[in-house]
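Participant: Everything below, folded, please.
(one chain, ligands or ions: 1)
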Amino acid sequence: MKRIRWAIIGSGGIAAKMAATLAEMPDAELVAVASPTPGRAFDFGAGLGVPAFDSVEEMLEVVRPDAVYVASSNHRHLDDALAAAAAGIPTLCEKPMAVNRADAARMVDAFRHRGVFLMEAMWMRFQPFWDRLAALLAAGAIGTPRIIRADFGFVADPDPARRWSDPAQGGGALLDLGVYPLTFAHLLGGPAEAMVAQGVAAATGVDGSTSIGLRHANGMLSVLDCSILADTPTTAVVSGNEGRIELEAPFHHTRTLSVYRGGAVLETIPVGYEGSGYRFEVDEVHRCLREGLSESNVHPLDDTLAVMGLIDQARALAYSG
Ligand SMILES: NC(=O)c1ccc[n+]([C@@H]2O[C@H](COP(=O)([O-])OP(=O)(O)OC[C@H]3O[C@@H](n4cnc5c(N)ncnc54)[C@H](OP(=O)(O)O)[C@@H]3O)[C@@H](O)[C@H]2O)c1
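Facilitator: Down below sits the predicted model:
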């Protein structure tokens, strides 16, 4: 099978994890890295043995990769992805797609207009647990699903220069962490028709801890928390009228689903795997490119936009007063 030639934009922690993931995959090859931060690309590229560029545009033009992975800080996703769209290069963009829905919509429009592939790197959606959970719910394992509860929180390094604390770099818990419980709720519960939200800002002014309640159009409720100030369990539960399914921490790449009925565990289902959990989203990009798709039907851009809208709404409700 022809190998897909990838380039990475960005040189931080997740860029390194993706480089290691691509190295494990027989049908993928890392061919270049780019970072406009002086010196960063060259150090990163030298460590990986691939060409490095301090201009994203130059890398796209010279290397013409089959796919690009945008792994820069949140505030740079828009420009980096627009550069890829202009060059006609299929793109996997880290979550959150952008710092707000309007920017995400600009990105989506740019790619759709050119018929070029774009997908949010929402790796949770491609974890092995997801299809198993969906099948259990569809089979009525807990009766009718009624309430979703999910959270993601940890005490982040309070250094105001770190990207999650810095408003200029798209900091805040909602963009970095809240995107997971919100996506979980959106994908399982469908569109939300009402939201309540309360928040407490971090010292730098970014959203620190936020609690969100959603009423979905189908009558389900979601209760969600995210925080960069508090150590939360990072678990999820889907409750129905005949039982519940618990996702062991960290829920967004859980290794265990537990089905409860009548208050007792009926079944504990292992859904773990060996190796990198990021390979599943890469597999999806490969499938889409080989099938000539400009969008994933498993994780469509409209889902990404809907969740970006929920993040905007939560910020407005919880932090504007
Ligand atoms: N899917 C996941 O599991 C996951 C996990 C973590 C983060 N993310 C997402 O991935 C994106 C990047 O996150 P990250 O955790 O990789 O962030 P990070 O390690 O803070 O790196 C982000 C950017 O900061 C710059 N940087 C990093 N270390 C630096 C240093 N020592 N000196 C100077 N500059 C430095 C680099 O800029 P350049 O781009 O200019 O090189 C790098 O791309 C974010 O959008 C985040 O939400 C996803």
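
Participant: Which stretches in this structure count as strands?
Facilitator: Here the chain has its strands, by DSSP state E, at 4-9, 28-34, 52-53, 67-70, 91-94, 118-121, 145-153, 192-201, 207-216, 221-227, 236-240, 244-247, 256-261, 264-270.

Participant: Now residue 31. Nearest residue, chain neighbours left out?
Facilitator: Using C-beta to C-beta, 6 or more residues apart in numbering and skipping the chain neighbours, the partner closest in space to residue 31 is residue 5 (4.5 Å). (Glycine included, C-beta is placed from N, CA and C.)

Participant: what's across from the one you found in the sheet?
Facilitator: Judged by DSSP bridges, the bridge partners of residue 5 are residue 29.

Participant: That one against residue 29, yeah?
Facilitator: Yes. Counting by C-beta atoms under 8 Å, residue 5 touches residue 29, with 5.4 Å between them.

Participant: For the residue of the stretch 101-250 of the chain found nearest the ligand, give me its contacts.
Facilitator: Distances between the stretch 101-250 of the chain and the ligand by C-beta to the nearest ligand atom are smallest at residue 163, namely 4.7 Å. Counting by C-beta atoms under 8 Å, 6 or more residues apart in numbering, residue 163 touches 73-74, 169-171.

Participant: ok, now with 10 Å
Facilitator: By C-beta atoms under 10 Å, 6 or more residues apart in numbering, the contact list for residue 163 reads 12, 72-76, 156, 169-171, 175-176.

Participant: So for residue 5 and residue 29, which residues contact both of them?
Facilitator: Residues touching both residue 5 and residue 29 comprise 22, 65-66, with contact defined as C-beta under 10 Å, 6+ apart.

Participant: Narrow these to those that are buried.
Facilitator: 22, 65-66 (16 or more other C-beta atoms under 10 Å).

Participant: Roughly how far does the residue of the stretch 1-150 of the chain found nearest the ligand sit from residue 18?
Facilitator: Per C-beta to the nearest ligand atom, the residue of the stretch 1-150 of the chain with the smallest distance to the ligand is residue 12, at 1.9 Å. For residue 12, the distance to residue 18 equals 10 Å [C-beta to C-beta, to the nearest Å].

Participant: Between these two, which has more neighbouring residues?
Facilitator: Under the neighbour definition other C-beta atoms under 10 Å, residue 12 and residue 18 were set side by side, and residue 18 has more, 25 against 16.

Participant: pLDDT score assigned to the closest residue to that one other than its chain neighbours?
Facilitator: Excluding the flanking residues, the one nearest residue 18 by C-beta to C-beta, 6+ apart is residue 69, at 5.5 Å. With respect to pLDDT, residue 69 scores 98.

Participant: swap in the one 3 residues further on?
Facilitator: Note on residue 72: pLDDT of 98.

Participant: again with residue 1
Facilitator: pLDDT for residue 1: 79.

Participant: which residue sits closest to it, ignoring its sequence neighbours?
Facilitator: Nearest residue to residue 1 in three dimensions, chain neighbours excluded: residue 27, at 5.1 Å (C-beta to C-beta, 6+ apart).

Participant: same check, this time on residue 79
Facilitator: residue 56 (7.9 Å).

Participant: The ligand contacts on the protein?
Facilitator: Within reach of the ligand by C-beta under 6 Å from any ligand atom, the chain has these residues: 10-15, 35-37, 40, 71-74, 94-95, 121, 123, 163, 176.

Participant: please redo it, this time with the cut-off set to 5 Å
Facilitator: Within the chain, the positions adjacent to the ligand are 10-14, 35, 37, 40, 72-74, 94, 163 by C-beta under 5 Å from any ligand atom.

Participant: could I get the residues you listed as JSON lines with distance to residue 277?
Facilitator: Output for the residues of the chain next to the ligand, formatted as JSON lines (distance: C-beta to C-beta, whole Å):
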{"residue": "10", "distance to residue 277": "19"}
{"residue": "11", "distance to residue 277": "21"}
{"residue": "12", "distance to residue 277": "18"}
{"residue": "13", "distance to residue 277": "14"}
{"residue": "14", "distance to residue 277": "12"}
{"residue": "35", "distance to residue 277": "24"}
{"residue": "37", "distance to residue 277": "27"}
{"residue": "40", "distance to residue 277": "25"}
{"residue": "72", "distance to residue 277": "21"}
{"residue": "73", "distance to residue 277": "22"}
{"residue": "74", "distance to residue 277": "21"}
{"residue": "94", "distance to residue 277": "14"}
{"residue": "163", "distance to residue 277": "22"}
